[in-house]
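A.B. asks: Return a 3D structure for these sequence lines:
(3 chains)
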Amino acid sequence: MTASASSPKPAPDITHEEFLKFKEFFYRKTGINFDLSKRYFVDKRLIERIEATGTGTFRSYFVHLRLQASGEELQQLTNLMTVNETYFLREEYQFRCLVDSILPEIVSHRSVRPSTQSTIRIWCIPSSSGEEPYSVAMSLLERWSGINQWDVEIVSSDIDTSILRRARAGRYSARSVQYVPAPWLKKYFSKVGSEYQLGDDIRDAVEFTQVNLSEAAQTLNYRNFDVIFCRNLLIYFDDQSRATAAETFYEALNPGGFICLGHSESMSRISPLFKVRKFPEAIVYQKGLEAK
Amino acid sequence: MKRILIVDDAATVRMYHRGILESAGYTVEEAFNGIEALEKALEAPAPFDLYVVDVNMPKLDGYGFLRELRQQDIAQQPAIMVSTEAAAGDEAAAFAAGANCYLVKPVRSLQLLANVRLMLGEVSQ
Amino acid sequence: MGLYPLRDVSSVACIPSAAKAGDENQLLTDGLKPVPFNGYGFWTDYKGKSAARFSFCREFEERNMGLVKQKVIHLAVRGAPNPERDSNELLAALEDADAGVRRQAAREIMPCMGAAAALVSRLKREENAAVREVLLSALVRLNAHLNDPLAVSGLAECLRSEDAALRNEVIQAIKGMGSEVEPILQLLLADPDPDVRIFAVNILDPGRHPGVERWLIEIIEREAHVNVCSAAVDLLCEAGTEAAVDPLIRLKARFASEAYIQFASNLALKRIRGV
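C.D. replies: Down below sits the predicted model:
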């Protein structure tokens, strides 16, 4: 650092009590609990936001954080505090849950109470650049025996049209596919330079649509889904948008349908509409079978 | 070591009960409301030995949590419900929902501990 | 080939959702005219009809190793809505025997005369938890646009309900509203029933109502009931400032034998001082 006329301001200090105060607030809002071992991780990011907002001290920043009507700062901060990278088979245990627990249960209901709908429908929102819906597609083809008896439709949505274009294009970096098992990589991708191009078969298997989840009018037609993946989105929403989204998902699901959230998310901070279900692989949420 | 789940949306109350119970040698975990409590109860590798449950919580309250808990296919354990309401009708509702004990706030530490020991079948010293 | 994203198509049609491929022939005889679109199918132009609740779904199935790709043309249909009539229909639908219809009506209801009163009226009688949830969030949503004192006062009445689940839900809903709830909260904080006063404190959200600390201080200075004071001290742990320090010290003296008050006040003091 070059010398300057005035000495640089010291980074704001966060006391133990202040950390505890912040920890309780953040846990209440998001369900994410930072224990004391995360001091460094949390302090660093708080200081970053204190400096970015120009609030100067933790105390002023905390007031700003709590009282800001738009909730943007909380969203920013939550973004910083959570890991946001997307890649194929992220939170893989949920794809295993889909194939080993969720779909078998859905299929068993269909046999007992045949529905007018013979296709199993899955909704992945947000699509982001497509890794998630394509992971669903590959998991179904490679690991679900039921794929030979049941038709599955995958719809994936995002608010951002440019990311939808990227998702449809199906071109990925090596980093994005690093957890894809080698046989799948060989079967479904072709290497283009340093990148990987997903083949037409899988790309054609997903229907991408543009949707703003916070606008109830845009989602009226999203119905009769059996499974919804909504991972690492609602945690960034404010309370009212979360409630709207939860209602949308409730309407979108068939009775007995399931919804999976991100690993650090919980319906406890979102909505009581769904029942908590524990499968060997994961905790997921279910719309009542007797519900409409 | 017996494990107790404290369910309350107020951080201060959770901390207070934790202090009392940890001093008496119990291991304590916390949940913010009935939904988180259900998740913790279902995820726990071994079931909790006891629940201390507040009534008024957002999204899923104490009664709702106990009703759901009692329907789950896990080992059922005693639950102490803690409430501000002293009316007789509320106590009946608590037992109907699946509570085994009903305490009215403010809960004194000796009162809490005596009831915890009773629920856990531990001989009072 | 390619996909087209869901678009806001304003001049488009409303065809009953039960329409199947082939139904367009019937619709043609009803006087609707086809308009070609990208060669994938067509929808008919049927302006003027209230379209919010209809959609047309034309499906093309492509079988591909068991994964069915359905080119679904969802139409976010917007006709030329008639707000008054729509509202009346929606308000009536709130009383429908079918829970799904009631939920849908509550989701769609827009700010209009009588909306809040109708929602509250339904809420008091609604036994279906999912419908209650949607009624409540509709009230919060409406309140943001339409400062209807009936909404808030109607909700406040629910706080006296025998139904604990309803009371709790209402607390959360009122909490989600803005500063317009302050007059009601003032009343509730002075209610003769200590439990109602506790609910009122639970509704206070320091994040939403910046003036909250003043009220909390007033409570711990004047309130006789220990549990109401406890609820107020809880909030001061997060929202308290220097102004609360002396009142907290006085509270401790007032409830010297109450262990929880001592604990919570000490914690609040630590948090306020930051050490």
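A.B. asks: for the longest strand along chain A, packing partners?
C.D. replies: For chain A, the longest strand by residue count, based on DSSP state E, is strand A:253-261. Packing partners of strand A:253-261 (3 or more C-beta pairs under 8 Å, 6 or more residues apart in numbering or on different chains; DSSP states H and E): helix A:103-112, strand A:225-230, strand A:283-286. To be clear about C-beta, it is placed using only N, CA and C from the backbone, and glycine gets the same treatment.
A.B. asks: right, so of the ones you listed, which gets closest to chain B?
C.D. replies: strand A:283-286 (5.6 Å; C-beta to the nearest C-beta).
A.B. asks: quick one on the thing from earlier: tell me the most buried of the helices and strands packed on strand A:253-261?
C.D. replies: strand A:225-230 (a mean of 24; mean count of other C-beta atoms under 10 Å in any protein chain shown).
A.B. asks: if we can go back for a sec, could I get the helices and strands packed on strand A:253-261 as JSON lines with distance to residue A:30?
C.D. replies: Converted to JSON lines, those look like this (distance: least, C-beta to C-beta, whole Å):
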{"stretch": "helix A:103-112", "distance to residue A:30": "29"}
{"stretch": "strand A:225-230", "distance to residue A:30": "15"}
{"stretch": "strand A:283-286", "distance to residue A:30": "17"}
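A.B. asks: Next, format these as CSV and append distance to residue A:68 and mean pLDDT.
C.D. replies: Compiled in CSV, the helices and strands packed on strand A:253-261 are given as follows (distance: least, C-beta to C-beta, whole Å; pLDDT from 0 to 100):
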stretch, distance to residue A:68, mean pLDDT
helix A:103-112, 42, 88
strand A:225-230, 25, 98
strand A:283-286, 30, 98
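A.B. asks: Mind checking the ones you listed for the one nearest to residue A:163?
C.D. replies: strand A:225-230 (15.9 Å; C-beta to C-beta).
A.B. asks: in its sheet, what does that closest one sit against?
C.D. replies: Here strand A:225-230 is paired, per DSSP bridges, with strand A:120-124 (parallel), strand A:253-261 (parallel).
A.B. asks: Need the winner for burial among those strands.
C.D. replies: strand A:120-124 (a mean of 25).
A.B. asks: Going by contacts, tell me the helices and strands next to the helix or strand of chain B with the lowest mean pLDDT.
C.D. replies: When the helices and strands of chain B are compared on mean pLDDT, DSSP states H and E, helix B:88-97 comes out lowest with a mean of 88. Counting contacts by 3+ C-beta pairs under 8 Å, 6+ apart, helix B:88-97 is packed against helix B:62-71, strand B:79-83, strand B:101-104.
A.B. asks: Pick the most deeply packed of those.
C.D. replies: Mean neighbour count (mean count of other C-beta under 10 Å) peaks for strand B:79-83 among these, with a mean of 25.
A.B. asks: The longest helix seen in chain C to helix B:62-71, inter-axis angle?
C.D. replies: As assigned by DSSP state H, the longest helix anywhere in chain C is helix C:129-145. Calculated by axes from the mean of the first three to the mean of the last three C-alpha atoms, to 10 degrees, helix C:129-145 forms an angle of 150 degrees with helix B:62-71.
A.B. asks: where do the helices sit along the chain?
C.D. replies: By default, I'm working from chain A. Going by DSSP H, chain A shows helices at A:16-30, A:39-53, A:58-67, A:72-81, A:92-97, A:103-112, A:131-143, A:161-169, A:182-188, A:200-203, A:239-252.
A.B. asks: could you do chain B instead?
C.D. replies: B:11-23, B:34-43, B:62-71, B:88-97, B:109-120.
A.B. asks: one step back: what mean pLDDT would you report for whichever helix or strand comes after the longest helix of chain C?
C.D. replies: Later in the chain than helix C:129-145, the nearest helix or strand by DSSP states H and E is helix C:149-158. Helix C:149-158 comes out with an average pLDDT of 81.
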